[in-house]
Structure formats: structure tokens, C-alpha cells
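Visitor: Provided below for reference: sequence and predicted model.
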Amino acid sequence: MARICVVGLGYVGVVTGAIFAEMGHHVVAVDVIPEKVDALNAGESSIYEPGLDELLKDCVPARFNASMDMVAAVADSDITFLCVGTPSTTDGGQDTSYLEASSKSLGEAIAAKGEYHVVVVKSTVLPGTTDTLVKGGLEAAGITCGEDFGLAMNPEFLREGSAVQDAREPDRVVIGGFDQRSIDETAELYVGIGCPFVETDLRTAEMIKYASNSFLATKISFANELSRLCEAVGIDVYEVMDGIALDNRIKRSFLNAGMGFGGSCFPKDVRALVSLANSLNLDSALLSAVLDVNRSQPLHGVDLLEAANGTLAGKRIAILGLAFKGNTDDVRETRALPVAEELKKRGAVVVGYDPEAAENFKAMFPDIEIVGSIHEALTCANGCIIQAEWDEFRELSADDVDVMADKVVVDGRRIVEDVDGLEESGAIYIGIGLGSIE
Ligand code: UDX
């Protein structure tokens with residue numbers, strides 16, 4: 001089994017390290033934030049991810065631990081995965097400052113070790129980043145790519161809320177390499193994972209990641225744009241998507257119309273590709289439109305509420321679900337933010353509930369009353385919008401809405417199971433993309 005170093009204890013680094021440890025490898029993670037290092041060594045993840053705590057309890061400290069000492073970690077390993085964040089810059093480009101800093105310190109650690117070491121970029125980086133910025137940062141320590149170190153690019157395709165499962169059973173493993181040795185030594189770690197392997201060059205591997213996320217985001221915006229058309233012509237977009245998905249060229253996933261896509265990846269990655277195209281004086285009409293639809297879809301949800309409620313000024317409106325999706329506490333780019341901002345702009349009093357993400361949302365948007373249950377959120381409310389796919393919102397019942405002053409429910413994720421029960425109780429149920437012929 002291999003000795004692996006993982007740089008960056010975000011959700012990619014923690015999950016990647018834990019799965020490699022579960023496979024029997026020895027993993028040491030490095031981070032510059034002591035709290036993250038301490039949490040990992042205590043067998044706790046600083047993120048909410050189903051199944052991760054159990055996984056860490058099994059492998060920490062025997063096969064997985066963390067430190068702040070890059071030199072020691074590299075000396076005790078043969079291959080290092082760079083899993084640091086590449087957030088958006090204000091103009092939509094990618095912030096590579098963490099990657100630059102970690103590449104430089106990793107290069108120094110490899111130089112100090114004096115033995116061949118493979119560097120694998122797992123961070124999401126634009127095509128042309130690994131073979132310039134990362135390679136340059138490493139070689140600044142006086143080491144040479146292909147001789148002193150190998151260089152590969154191995155993108156992750158983990159979804160928050162199912163990252164452990166996605167890492168255990170990936171659809172494919174993509175490995176781009178500076179040379180064949182880099183590819184081979186990276187591929188060896190995945191022996192036993194029964195899925196297709198894609199071996200390619202560094203830039204193609206980088207682009208596969210962006211193209212994958214951008215296409216999934218495109219599917220979502222397609223469904224969202226169709227949702228408005230379907231509402232207008234009195235049909236259900238979900239039935240339409242079920243119908244088109246039977247074409248084996250299309251398939252059903254990521255065609256759920258809703259409030260739009262959030263998270264730390266889709267918005268960032270589509271913006272980054274648009275920014276790259278613009279920097280190359282290339283048109284990006286389609287990807288720009290994907291972002292435009294994503295900006296307007298949450299406002300459409302508020303429009304639906306206003307259409308049923310009349311003016312929203314002075315009304316008490318509940319947002320059920322503040323995370324960017326169910327099963328996570330992550331509020332990055334959550335569509336609940338534009339929903340809350342638009343409700344405030346139209347004069348509503350906003351109350352929010354989320355099983356896990358409420359405090360994170362409050363920190364981002366203080367002008368909201370946060371409560372601890374559906375009951376509190378709906379009490380005396382004049383309407384509500386379901387924004388994230390938590391199971392307790394799927395089970396929304398007549399009893400739940402009975403405490404509302406006006407029983408108006410906008411199902412922004414089309415997850416409510418007992419719509420008939422709500423309607424029989426006198427509630428007005430409005431499903432995104434669900435038109436009705438008067
Ligand atoms: C995504 C990609 O799925 C993953 O492969 C990549 O590695 C990281 O980005 P993630 O952002 O964690 O994963 O969550 P995902 O489940 O993809 O959902 C992203 C957003 O799209 C959420 O806001 C979700 O509510 C929304 N979504 C998803 C839809 O609106 N409709 C859908 O049909 C699916």
C-alpha cells in the first residue's frame with residue numbers, strides 16, 4: 001500500500017484522504033489551519049457529510065492523520081494530492097493563490113526530501129494551470145518535472161451530501177499526466193476501484209472537470225427555462241423531463257427544475273469557463289445564458305408567491321431550506337440568498353429554517369429571523385418557499401401548514417409528497433414548473 005500526502009483539509013481533501021485510508025493506504029493530511037488539523041486528528045470532520053464521521057473513526061489515527069508540517073509529511077510519503085480551494089475572483093475568474101502557495105511549499109519539501117515524488121492536482125483548475133502555475137511553483141525550488149517529480153491531474157467528481165459514496169464508487173477515474181510514469185503511479189492508488197479509467201494529458205483532464213460541471217449546470221438551467229414555459233402552457237415540466245429522459249442520449253439526472261443551482265462548484269466553474277473564454281476573446285453565449293437563467297430562477301419563485309399572495313409588502317414569508325441543497329450545511333451560492341434578498345426588496349418579513357445550515361446562512365444574511373423548526377417558520381406565515389431538498393420538507397403536511405395565516409406553499413424543489421393532502425386542507429400549492437390549465 002502507498003504512503004499518501006493530502007494538502008488541504010476541505011471536503012475534497014478530507015473525503016479523498018479518508019477513502020484512500022479506507023482502501024488501506026497510509027495518509028497524512030497537511031493544512032495551514034490548526035483547527036482543521038486538530039479536528040481531523042480527533043477523528044472529527046469540520047464539515048457535515050453523511051458517513052464521513054464513521055469513516056474517520058475507522059481510519060484515524062492508524063491510517064489517516066494530519067499535521068501542519070509539509071516537509072515532514074512529504075518526507076513520509078511518495079505521492080501528494082493538492083486539494084486546496086480555487087474560489088472565484090470578483091470578476092468570475094479563479095483565485096489560484098492557495099494553489100500557488102501550496103505548490104511552492106510542496107516544491108521545497110520535495111527538494112528537501114531529495115527523492116522522486118509524484119504531485120497530483122485534485123483541485124479544480126482551468127486548463128493550462130497545472131503545467132504552468134503548479135509546475136512553475138514546484139520547480140521554483142530547483143527541482144525538475146519528469147526527473148525529480150512527476151506531475152498529474154486527477155479531478156474529483158464528488159457531490160456534497162454524497163461525497164463518501166461518490167468517492168467509493170466513482171463513474172470514472174480521470175488521470176492527466178506530464179508523462180506516463182506520473183499517470184501510472186497515480187493510477188496504482190485506485191487499483192480495485194472497478195470503473196473506467198481515462199488516461200490523458202494534463203490540460204484535457206482539467207477541461208474534463210470543467211466540462212462535466214458546466215454540462216450538468218446546463219442541464220439544470222435547461223430544465224429551469226422549460227419550467228417557465230410549461231407553467232405558461234399548463235403542463236408539468238417534470239412529466240416532460242421524464243418523457244425526454246427515456247431517450248438514452250439524454251437520461252433523467254440533473255433535469256429537476258427548481259430554484260437554480262448553488263454550491264461551491266457549479267456557479268464558480270461555469271463563471272470560470274466564461275471568464276476564460278472572454279480572456280481568449282471567444283464567445284460564451286450558452287454558458288453565459290446558463291448563468292443568466294440561474295440568476296433569474298429564484299426571482300421566478302418569488303414571483304409565483306407574489307402572484308398567489310398579492311403584494312408581499314408586510315407579509316411574513318418562510319424560506320424552508322437555506323443550504324444550497326439538502327443533506328449539507330453548506331450555504332455557498334445558495335439560491336436561498338437571492339430569494340431572501342428579493343423578498344426583502346418587496347417588503348416581506350423573512351423567516352428561515354434549515355435543519356443544518358441556518359447559522360451559516362444567518363452569518364451571510366443577518367436580516368432574517370432564524371427559527372428551529374418548520375412549525376415555528378410557518379406559524380402566522382403568509383406564505384412559504386421550499387428551497388432545499390430536505391426530507392422533512394418532502395413530508396410537509398396539512399398539519400404543518402395549518403398554523404399559517406395564509407396557506408400558500410411554493411414548492412421550489414418539487415419535493416412535497418402529499419400535494420393532494422395540502423390542497424384538501426385548503427392550502428394553495430404552487431409547484432415550480434407545474435402549470436395548470438384554468
Ligand atoms: C457538483 C457536481 O455534481 C459534482 O460532480 C462536482 O464534483 C461538484 O459540484 P455539488 O455542487 O456538491 O456537486 O451538488 P449537486 O448535487 O451537483 O447540486 C448542485 C446544485 O444543483 C444544487 O443547488 C442542487 O439543488 C441543484 N440541482 C441539482 C438542481 O437544481 N437540479 C438538479 O436536477 C440537480
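Guide: Happy to help now that I have it. Numbering: from 1, shown residues only.
Visitor: Show me the shaky parts of the chain.
Guide: Low-confidence segments of the chain (pLDDT under 70): 438.
Visitor: At which residues are the strands of it located?
Guide: Secondary structure of the chain by DSSP state E: the strands cover 3-7, 26-30, 64-67, 79-82, 117-121, 149-153, 173-177, 197-200, 316-320, 349-353, 369-370, 383-386, 408-411, 428-431.
Visitor: Strand partners (parallel or antiparallel) of the fourth one?
Guide: In the sheet containing strand 79-82, its partner strands are strand 3-7 (parallel), strand 117-121 (parallel), by DSSP bridges.
Visitor: out of the strands of the chain, which comes closest to residue 226?
Guide: strand 428-431 (13.9 Å; CB to CB). C-beta here means a position set from N, CA and C on the backbone, and glycine is covered the same way.
Visitor: How far away from the center of its chain is the closest one?
Guide: Counting by CA atoms, centre = their mean, to the nearest Å, strand 428-431 is centred 28 Å from the centre of its parent chain.
Visitor: likewise stretch 419-438?
Guide: 31 Å.
Visitor: Does that stretch reach the ligand?
Guide: No. Stretch 419-438 lies apart from the ligand when judged by CB under 6 Å from any ligand atom; the minimum separation is 9.8 Å.
Visitor: hang on, the earlier thing: now the strands of the chain as TSV including mean neighbour count and distance to residue 51?
Guide: Formatted as TSV, those follow (neighbours: other CB atoms under 10 Å; distance: least, CB to CB, whole Å):
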stretch	mean neighbour count	distance to residue 51
strand 3-7	25	18
strand 26-30	24	17
strand 64-67	22	15
strand 79-82	26	20
strand 117-121	27	24
strand 149-153	27	27
strand 173-177	24	20
strand 197-200	15	25
strand 316-320	27	25
strand 349-353	23	25
strand 369-370	16	27
strand 383-386	28	25
strand 408-411	27	28
strand 428-431	20	31
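Visitor: Dump those strands into CSV; add distance to residue 332 as well.
Guide: As requested, the strands of the chain are arranged in CSV below (distance: least, CB to CB, whole Å):
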stretch, distance to residue 332
strand 3-7, 21
strand 26-30, 22
strand 64-67, 23
strand 79-82, 20
strand 117-121, 21
strand 149-153, 24
strand 173-177, 24
strand 197-200, 28
strand 316-320, 17
strand 349-353, 16
strand 369-370, 18
strand 383-386, 19
strand 408-411, 23
strand 428-431, 26
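Visitor: hmm, back to that, among the strands paired with strand 79-82, which comes closest to the ligand?
Guide: Proximity to the ligand, assessed across these by CB to the nearest ligand atom, is greatest for strand 117-121 (14.5 Å).
Visitor: What lies in contact with the closest one?
Guide: Strand 117-121 has contacts (CB atoms under 8 Å, 6 or more residues apart in numbering) with 74, 77-82, 99, 103, 106, 110, 129-130, 134, 138, 148-154, 182, 185-186.
Visitor: if we can go back for a sec, out of the strands paired with strand 79-82, flag the one nearest residue 191.
Guide: strand 3-7 (13.6 Å).
Visitor: Could you figure out how far the closest one is turned away from strand 26-30?
Guide: Strand 3-7 and strand 26-30 are oriented at 20 degrees to each other (axes from the mean of the first three to the mean of the last three CA atoms, to 10 degrees).
Visitor: got the residue ranges for the helices in the stretch 101-250 of the chain?
Guide: Taking DSSP state H, counting those that start in this stretch to define them, one finds helices in the stretch 101-250 of the chain at 135-139, 163-168, 180-187, 202-233, 237-245.
Visitor: if you look at the second one, does any of it touch the ligand?
Guide: Think helix 163-168. No. Residues of helix 163-168 are not located near the ligand by CB under 6 Å from any ligand atom, the shortest gap being 7.1 Å.
Visitor: which strands and helices sit next to that helix?
Guide: helix 11-22, helix 52-59 (3 or more CB pairs under 8 Å, 6 or more residues apart in numbering; DSSP states H and E).
Visitor: how about those, which one is nearest the ligand?
Guide: The closest of the helices and strands packed on helix 163-168 to the ligand is helix 11-22. By CB to the nearest ligand atom, the value is 8.2 Å.
Visitor: How many neighbouring residues does residue 24 have?
Guide: A count of neighbours around residue 24, defined by other CB atoms under 10 Å, yields 11.
Visitor: Run through the residues that contact the residue lying closest to it once chain neighbours are set aside.
Guide: Of all residues not flanking residue 24 in the chain, residue 1 sits nearest, at 4.6 Å (CB to CB, 6 or more residues apart in numbering). Residues near residue 1 by CB under 8 Å, 6+ apart: 23-26.
Visitor: for the ligand, what are the nearby residues on the stretch 101-250 of the chain?
Guide: Going by CB under 6 Å from any ligand atom, the residues of the stretch 101-250 of the chain near the ligand are 156-160, 213, 216, 220.
Visitor: Could you break the protein into its assigned domains?
Guide: Here the domain parsing of the chain from automatic domain parsing is 3-200, 266-431.
Visitor: if we compare those domains, which one ends up closest to residue 241?
Guide: Checking those against residue 241 by CB to CB gives domain 266-431 as the closest, at 10.3 Å.
Visitor: The closest one: how far from the chain's middle?
Guide: 17 Å.
Visitor: Not counting its neighbours along the chain, what's nearest the residue nearest to the spatial centre of the chain?
Guide: Of all residues in the chain, the one closest to the mean position by CA atoms, centre = their mean is residue 263, 4.1 Å from it. Residue nearest to residue 263 in three dimensions, not counting chain neighbours: residue 324, with 4.6 Å by CB to CB, 6+ apart.
Visitor: tell me the contacts of that neighbour?
Guide: Counting by CB under 8 Å, 6+ apart, residue 324 has contacts 160, 261-263, 330-336, 388.
Visitor: Ramachandran coordinates for it?
Guide: Taking degrees, to the nearest 10, you get phi -70, psi -10 for the backbone angles of residue 324.
Visitor: Ok, residue 366 next?
Guide: phi -60, psi -20.
Visitor: and it, how far is that from residue 286?
Guide: Counting by CB to CB, to the nearest Å, the separation of residue 366 from residue 286 is 36 Å.
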